[in-house]
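Peer 1: this one's sequence-less:
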Ligand SMILES: [Zn+2]
């Protein structure tokens, strides 16, 4: 996951305690909820142990099955109901409600960004625990397990059903496929509130940064740089496109961005290349701004093709016209969700109850899918601290109050699902 704390205009800053007026009461006085919070604090070492053990089961993109099977086993061992793996690989466990309260999902993602063969052995140096994936998102997976266990141990009763989920495909290439399937098929129309525990810390993301990513290729016959001179050149077309993209104006608020992140092409200095390609990424928390920058980029891509083809004339050039293909790498939808939304206010009030303040931001996570569908969704941190997410040197730092992450998740879920 990635979180972006945006300028003050876009986000609500730290919320002062008395001004928080949760539309949903935080049930911190309910004895079983109190007991669950105590369990999470007392059994903090158990949570960390889950985190370490899960990290050492490799879970590359599209290859989450081994970790998923183990996660299913651990959820089932807690006595949850109907623990199963759906058609795309999400692990889903049910904790039935006592009435017709809201259905709440608490999820962490099973996938990592690391390819098969990456060494995922955990190294511990005092409170610093290192291994690829240890924070993002084995912290989230451990927190989901810990909350489920604490609810079971303490006999927390909720009117709504709570689903504890380990999902697939959150990272880049996965393109949120686990969430797309969960909200589009598996549990379509059934989820009232969605909370993703992604990464460490105590941040909250209430907005969804949408992104469009494309792989663009210009192609032609190519030839000798001297002998075939006078035909359209794919690398030159790519250069025209990049120059155009580089000059695009975007709003600073809502923060909207574009980037040509990779370029490929060419075989030698004295060859007209047969192809040239690039990877483009654009992002915004605002759907309209994202669509605007997207339209500009698509227009520039076509203009660059036309300009390069028009640059050269004569029969040889006419027979060597370039073509262009635009392949989608990924599309992450955005959506509007106010910080006044009950789910956000509940999370802020729960933080206050636990004695800390946090601030909202926008992120690109599993919560993008519900938010884009108008279903209340947030991403929260799982406590402790994260260092170097998505790098081989990734670390999780166990802080003295790291149990606040699981407690926060538990209190939000208890509030939304109607604990009593
Ligand atoms: Zn993540």
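Peer 2: Happy to help now that I have it. Predicted, not measured: the structure shown is a model, and the values here were computed from it.

Peer 1: the longest helix seen in the chain packs against which elements?
Peer 2: The helix that spans the most residues within the chain, counting by DSSP state H, is helix 287-311. Judged by 3 or more Cβ pairs under 8 Å, 6 or more residues apart in numbering; DSSP states H and E, the packing partners of helix 287-311 are strand 210-219, helix 234-246, strand 275-284, strand 323-332. Using the backbone N, CA and C atoms, a C-beta is placed for each residue, glycine as well.

Peer 1: what pairs with whatever helix or strand comes next after the second one, and is each one parallel or antiparallel?
Peer 2: Using DSSP states H and E, the next helix or strand after helix 234-246 towards the C-terminus is strand 257-265. Next to strand 257-265 in the sheet, as set by DSSP bridges, lie strand 275-284 (antiparallel).

Peer 1: so, in contact with the ion or not, stretch 140-150?
Peer 2: No: on the criterion Cβ under 5 Å from the ion, stretch 140-150 is out of touch with the ion, staying 6.9 Å away.

Peer 1: now that stretch, how far from the chain's geometric center?
Peer 2: 19 Å (Cα atoms, centre = their mean, to the nearest Å).

Peer 1: using JSON lines, lay out the helices and strands packed on helix 287-311 together with mean neighbour count and distance to residue 194.
Peer 2: Converted to JSON lines, these look like this (neighbours: other Cβ atoms under 10 Å; distance: least, Cβ to Cβ, whole Å):
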{"stretch": "strand 210-219", "mean neighbour count": "21", "distance to residue 194": "17"}
{"stretch": "helix 234-246", "mean neighbour count": "20", "distance to residue 194": "34"}
{"stretch": "strand 275-284", "mean neighbour count": "21", "distance to residue 194": "21"}
{"stretch": "strand 323-332", "mean neighbour count": "14", "distance to residue 194": "15"}
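
Peer 1: tell me the spacing between the most centrally placed residue in the chain and residue 409.
Peer 2: For the chain, the residue nearest the mean C-alpha position is residue 365 (2.0 Å; Cα atoms, centre = their mean). Separation of residue 365 from residue 409 (Cβ to Cβ, to the nearest Å): 15 Å.

Peer 1: hang on, the earlier thing: surely the residue nearest to the centre of the chain and residue 171 touch.
Peer 2: No: Residue 365 is beyond contact range of residue 171, at 9.9 Å (criterion: Cβ atoms under 8 Å).

Peer 1: give me the phi and psi for the closest residue to the ion within the stretch 251-400 of the chain.
Peer 2: The minimum distance from the stretch 251-400 of the chain to the ion, using Cβ to the ion, falls at residue 365 (6.3 Å). Main-chain torsions, residue 365, degrees, to the nearest 10: phi -140, psi -170.

Peer 1: for residue 412, pull up the helix or strand it's in.
Peer 2: Using DSSP H and E, residue 412 falls within helix 404-416.

Peer 1: and that helix, what does it pack onto?
Peer 2: Partner elements for helix 404-416 (3+ Cβ pairs under 8 Å, 6+ apart): helix 31-42, strand 104-109, helix 138-154, strand 193-197, helix 342-354, strand 377-380.

Peer 1: any chance of those in CSV, with mean pLDDT and mean neighbour count too?
Peer 2: Shown next, in CSV, are the helices and strands packed on helix 404-416 (pLDDT from 0 to 100; neighbours: other Cβ atoms under 10 Å):
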stretch, mean pLDDT, mean neighbour count
helix 31-42, 98, 19
strand 104-109, 98, 30
helix 138-154, 98, 28
strand 193-197, 98, 29
helix 342-354, 97, 23
strand 377-380, 98, 29
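
Peer 1: next, format the ones you listed as JSON lines and append distance to residue 246.
Peer 2: Shown next, in JSON lines, are those (distance: least, Cβ to Cβ, whole Å):
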{"stretch": "helix 31-42", "distance to residue 246": "50"}
{"stretch": "strand 104-109", "distance to residue 246": "34"}
{"stretch": "helix 138-154", "distance to residue 246": "37"}
{"stretch": "strand 193-197", "distance to residue 246": "34"}
{"stretch": "helix 342-354", "distance to residue 246": "37"}
{"stretch": "strand 377-380", "distance to residue 246": "32"}
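
Peer 1: gap between residue 80 and the ion?
Peer 2: 23 Å (Cβ to the ion, to the nearest Å).

Peer 1: got it, and residue 166?
Peer 2: Residue 166 sits at a distance of 12 Å from the ion (criterion: Cβ to the ion).

Peer 1: for whichever residue of the stretch 151-300 of the chain sits closest to the ion, grab phi and psi.
Peer 2: Closest residue of the stretch 151-300 of the chain to the ion, Cβ to the ion: residue 198 (4.2 Å). When read as degrees, to the nearest 10, the backbone of residue 198 gives phi -130, psi 110.

Peer 1: about what we covered before: got the contact list for the longest helix of the chain?
Peer 2: 210-212, 214, 216, 218, 232-233, 236-238, 240-241, 244-245, 248, 250-251, 254, 256, 258, 280, 282-284, 321-324, 326, 333-336 (Cβ atoms under 8 Å, 6 or more residues apart in numbering).

Peer 1: pLDDT averaged over it - what is it?
Peer 2: Averaging pLDDT along helix 287-311 yields 97.

Peer 1: repeat that for stretch 177-190.
Peer 2: Per-residue pLDDT values over stretch 177-190 give a mean of 97.

Peer 1: buried residues in that stretch?
Peer 2: Using 16 or more other Cβ atoms under 10 Å as the test for burial, stretch 177-190 gives 177-183, 186-187.

Peer 1: just give the number of residues close to the closest residue to residue 27 other than its chain neighbours.
Peer 2: Closest residue to residue 27 apart from its sequence neighbours, by Cβ to Cβ, 6 or more residues apart in numbering: residue 419 at 4.5 Å. Residues within reach of residue 419, counting by other Cβ atoms under 10 Å, total 26.

Peer 1: cool, residue 299 as well?
Peer 2: 11.

Peer 1: how far away is it from residue 293?
Peer 2: With Cβ to Cβ as the criterion, residue 299 and residue 293 are 11 Å apart.
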